[in-house]
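J.: Model the structure of this input:
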Amino acid sequence: MERNEFIKSLGLGIALVCTGSCMSGCGGSKSDDPAPGGGGGGGGGGGNTNTKVNIDLASQLLSVGSFATVSGVLFVRLATGNAASSFTATQATCPHQGGALNWIAASNLIQCALHSSQYTAGGAILKQPNDGGSTAALKVYSLAVSGTTLTATLS
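T.: Presented below is the predicted three-dimensional model:
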């Protein structure tokens, strides 16, 4: 075998080994991952289940205009009574740069503590950040009340 033939076959061999390793690495990760969004059988939770965040209405959100942040969810009492429609639940951090969100009862709006972005109770943008940047609408979560437990479903 001549030198040129040896180098070509060596290069081809290395290329095949690298390609094989890459393909098995790429292919393996897909089959090792749990099925995304799969309905799969019973057993452990896994997959894309909805996370639920609860708040106790017997001890929190007792008056109209009160708010609380629990597990990344901003809960606000908008009206009297313990119906789900008396509350709203949004993400607790501003999409702009992650500032904490607070309910401003006097103005009936959600405001970012970092750059003063403002949102409606339904998550729509009222005012862009005061640093010249831009923000997005807030994630708003569906709510349910059972007894004195208010539950937000994060999907």
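
J.: tally of neighbours for residue 91?
T.: Residue 91 has 20 neighbouring residues, counting by other C-beta atoms under 10 Å. (C-beta placed from N, C-alpha, C; glycine too.)

J.: Could you tell me how far the residue nearest to it when sequence neighbours are not counted is located from residue 59?
T.: Ranked by C-beta to C-beta, 6 or more residues apart in numbering and with sequence neighbours excluded, the top spatial neighbour of residue 91 is residue 139, at 4.4 Å. From residue 139 across to residue 59, the span is 25 Å (C-beta to C-beta, to the nearest Å).

J.: circling back: my guess is the residue nearest to residue 91 contacts residue 89, does it?
T.: No: look at residue 139 against residue 89 with C-beta atoms under 8 Å: they stay out of range, at 9.3 Å.

J.: Of these two, give the one with the bigger neighbour count.
T.: Comparing residue 139 with residue 89 by other C-beta under 10 Å, the one with more neighbours is residue 89, at 25 against 15.
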